[in-house]
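Chemist: sequence first, then the predicted structure, then my questions.
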Amino acid sequence: MSNEQKISFEEAMNKLEQIVDKLEEGDVPLEAAIAFYKEGMELSKLCHDKLKSVEEQLTQIITEDGRKQNFTIEEEE
């Protein structure tokens, strides 16, 4: 998955959407479907990790005088 770490969030999302489209078509042999599923799960985790990293960065805002302020981002359920 080291190569996957180097792709951007947008590239990973595009790949994930392509995988979902292929699986939704239903014409995929079982072995290929399993491989697509595994790749999709890896891409999903990569996207989640990147979003989590960005969220952590956004919760720490530096004020004008250089002090760090922590803010809580509430998730909608």
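Modeler: That came in fine, so what should we check first?

Chemist: can you give me the strands for this structure?
Modeler: 60-62, 68-70 (DSSP state E).

Chemist: pretty sure Ser44 contacts Leu16?
Modeler: Yes - with contact defined as Cβ atoms under 8 Å, Ser44 counts as touching Leu16 (6.3 Å). Yep, even glycine has a C-beta here, placed from its N, CA and C like the rest.

Chemist: skip the chain neighbours and tell me the closest residue to the spatially most central residue of the chain.
Modeler: Centroid-nearest residue in the chain, with Cα atoms, centre = their mean: Cys47, separated by 0.7 Å. Once flanking residues are discounted, Cys47 sits nearest to Ala12: 5.2 Å by Cβ to Cβ, 6 or more residues apart in numbering.

Chemist: that neighbour and Asp49 touch, don't they?
Modeler: No - judged on Cβ under 8 Å, Ala12 makes no contact with Asp49 at a distance of 10.0 Å.

Chemist: more neighbours: which of these two?
Modeler: Neighbour totals were compared for Ala12 and Asp49, and Ala12 leads with 19 against 12 (other Cβ atoms under 10 Å).
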